[in-house]
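Trainee: Sequence and predicted structure are below.
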Amino acid sequence: MKTFIISFCMLVVVVSAAGCSTVPLLNPAKVTPPAIPATSTPLPVPTTVPPTATPVPTKTSAPSATSLPALSVIPDGINPWCLSIKNFSAHVEGPNGPASMPEGARAGTIDKVTGRIDFHIPAITCTLVLAFNQPIPDGMKLQVWDASPQEPFIIYDMKANPNNPKEAYAVLTHSYIINPPKWWMDYTFVVVTIDGKEVLRSPVRVFKSLPDKCWDGSLPNPITLFCPIQDS
């Protein structure tokens, strides 16, 4: 009897346990899925374009004035001549004005090595014409120097050629240039501007045609043309 009661109770427990596990299978509970929070799509952020700086125009420097070269005599720009006493009795101008050589005048020469200017004398006058690389300034002077270093012994105006502003000329009339009491004389010509700037320095020789030599090998007196008296 006792054994039966025990067996019965065990059966009730088993049935109860099985019944508790089968009810949920017949009517399963609805599981509500968790709500997914709505995500808002972010609006596109506008791209900020940085302002472009307007370039400041650069100053264009004004072109500098082209400076003139230094005043100078151009190559082969020295033209000397004399009016010989054989062909002329007074000073005359050439066909193109005072800076042109008259017909019959005797042209001077320029030594290409030493630069020496030679005037063939005796003459009524001698003229020196210089051609420059630009129009000549006012106030230019021609200084004639001899062996004395203190000062020029004579000064001439260098005048502008009325037909060519780049040429200057001087007419030489001093007796120690056109007919000195010597067969030749050596000088130095210096041309300066009004402010004393030197634009030409050249050795100069004025010379006469030489006669035959005397009995003793010397030259006759340049004024009398006499030879020394030979002792008897």
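Mentor: Perfect, thanks for sending it.

Trainee: Could you check the pLDDT of the nearest residue to Ala131 once chain neighbours are set aside?
Mentor: Leaving aside its chain neighbours, Ala131 sits nearest to Gly77 (3.5 Å; criterion: C-beta to C-beta, 6 or more residues apart in numbering). Backbone N, C-alpha and C define where each C-beta goes, glycine included. For Gly77, the pLDDT comes out at 96.

Trainee: Spit out the contact partners of Gly77.
Mentor: By C-beta atoms under 8 Å, 6 or more residues apart in numbering, Gly77 lies in contact with Leu130, Ala131, Phe132.

Trainee: who wins for most neighbours among these?
Mentor: Leu130 (27 neighbours; other C-beta atoms under 10 Å).

Trainee: so how far is Leu142 from that one?
Mentor: Distance from Leu130 to Leu142, counting by C-beta to C-beta, to the nearest Å: 9 Å.

Trainee: what's the overlap in contacts for those two?
Mentor: Listed as contacting both Leu130 and Leu142 by C-beta under 8 Å, 6+ apart are Met158, Val191.

Trainee: so where is the chain shaky, pLDDT-wise?
Mentor: Judged by pLDDT under 70, the chain has its weakly predicted residues at 1-66, 68, 232.

Trainee: Do a quick rundown of the helices in it.
Mentor: Assigned by DSSP state H, the chain shows helices spanning 2-26, 175-178.

Trainee: quick one: buried residues of the shortest one?
Mentor: The reference is to helix 175-178. Using 16 or more other C-beta atoms under 10 Å as the test for burial, helix 175-178 gives Ile177, Ile178.

Trainee: Name the nearest residue to Asn79, ignoring sequence neighbours.
Mentor: Residue nearest to Asn79 in three dimensions, not counting chain neighbours: Val129, with 4.2 Å by C-beta to C-beta, 6+ apart.

Trainee: Tell me, how many residues neighbour the one you found?
Mentor: Val129 has 21 nearby residues by other C-beta under 10 Å.

Trainee: That one pairs with what?
Mentor: Asn79, Tyr169 (DSSP bridges).

Trainee: mind listing what it touches?
Mentor: Val129 makes contact with Ile78, Asn79, Pro80, Ala99, Asn161, Glu167, Ala168, Tyr169, according to C-beta under 8 Å, 6+ apart.

Trainee: if we take the residues you listed, which one ends up nearest to Asp111?
Mentor: Ile78 (10.8 Å; C-beta to C-beta).

Trainee: Thought Ile110 was touching that closest one, still the case?
Mentor: Yes: in terms of C-beta atoms under 8 Å, Ile78 counts as a neighbour of Ile110; the distance is 5.4 Å.

Trainee: what's the distance between the residue lying closest to Ile136 once chain neighbours are set aside and Leu71?
Mentor: Leaving aside its chain neighbours, Ile136 sits nearest to Ala168 (4.8 Å; criterion: C-beta to C-beta, 6+ apart). Relative to Leu71, Ala168 is positioned 10 Å away (C-beta to C-beta).

Trainee: Asp118 now?
Mentor: Distance, Asp118 to Leu71, using C-beta to C-beta: 25 Å.

Trainee: Extract the CA atoms of stretch 104-119 and return them as CSV.
Mentor: C-alpha atoms of stretch 104-119 as CSV (Å, rounded to 0.1, in the frame of the first residue of the first chain):
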residue,chain,number,x,y,z
GLY,A,104,93.1,124.3,-103.4
ALA,A,105,93.6,123.9,-99.7
ARG,A,106,96.4,121.6,-98.4
ALA,A,107,95.0,118.7,-96.4
GLY,A,108,96.7,117.7,-93.2
THR,A,109,97.5,114.2,-92.0
ILE,A,110,97.0,112.1,-88.9
ASP,A,111,99.6,109.5,-87.9
LYS,A,112,97.7,106.3,-87.2
VAL,A,113,100.3,105.1,-84.7
THR,A,114,101.1,108.2,-82.6
GLY,A,115,97.9,110.1,-83.3
ARG,A,116,99.9,113.2,-84.2
ILE,A,117,98.1,115.8,-86.4
ASP,A,118,100.4,117.4,-89.0
PHE,A,119,99.7,120.8,-90.7
